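*Asks:* My questions concern the predicted model and sequence given below.
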Amino acid sequence: MGLLTPLAIKLGAQPWMPRLLPQITWTDRHLQRLTGRRVSLVGLAGLPSLLLTVKGRKSGIPRSTPLLCVPWQGGWLIAGSSFGAPKPPVWSANLRAAETVEVDYNRRHHTCTWRELTGAEKHRAWAHMVTVWPNYDKYTEWTDRVIPVFLLTPR
């Protein structure tokens, strides 16, 4: 946690945030590119983040998305929350179609396998995730869809 974490949590709890997601992602992606992955918006807020690169399920073109993550069991948990938007993030469908993904975390590159968590395991992981980002619980209230949780594990 950092000095800006409470502010980030407050901003992330605003119901208008899903509308800004494309701009936030674009800004973060370019900020990371300009700084050699040393600086990210989520990192500035004192929160853990990674850059997920996965091939498009239709195009085959690698797409990179900066995401809030939560370290867990030697890997990282990520949620397909999109700030509670009605539609799931595109990266989640691409992830489900991929065998492996690329992850940049703390300026280190990893090839990872992934799996979607369900049942009691998802419940335990979710309880841990909300200790880092309490707004995940808000996002479940804002959407009718089930928010998926994925565990990325380095190979």
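*Replies:* Ah, there it is. Numbers count the residues shown, from 1 in each chain.
*Asks:* what's the longest helix seen in the chain packed up against?
*Replies:* Once the chain is assigned using DSSP state H, the helix that runs over the most residues is helix 17-34. Applying 3 or more C-beta pairs under 8 Å, 6 or more residues apart in numbering; DSSP states H and E, we find helix 17-34 packed against helix 41-44, strand 62-68. From N, CA and C alone the C-beta is placed, and that goes for glycine too.
*Asks:* Which parts of this protein are strands?
*Replies:* With strands called from DSSP state E, the chain shows them at 49-55, 62-68, 70-72, 75-79, 101-105, 108-116, 149-154.
*Asks:* List the buried residues of the shortest one.
*Replies:* Within strand 70-72, the residues that qualify as buried by neighbour count (16 or more other C-beta atoms under 10 Å) are V70, W72.
*Asks:* chain center to that strand, what's the gap?
*Replies:* The chain centroid and the centroid of strand 70-72 are separated by 11 Å under C-alpha atoms, centre = their mean, to the nearest Å.
*Asks:* Who does that strand pair with, and is each partner parallel or antiparallel?
*Replies:* strand 75-79 (antiparallel) (DSSP bridges).
*Asks:* Give me the below-cutoff pLDDT ranges for the protein.
*Replies:* 1 (pLDDT under 70).
*Asks:* what separates the most centrally placed residue in it from F83, distance-wise?
*Replies:* For the chain, the residue sitting closest to the mean C-alpha position, by C-alpha atoms, centre = their mean, is L67 at 3.1 Å. For L67, the distance to F83 equals 12 Å [C-beta to C-beta, to the nearest Å].
*Asks:* This completes my enquiry, with thanks.
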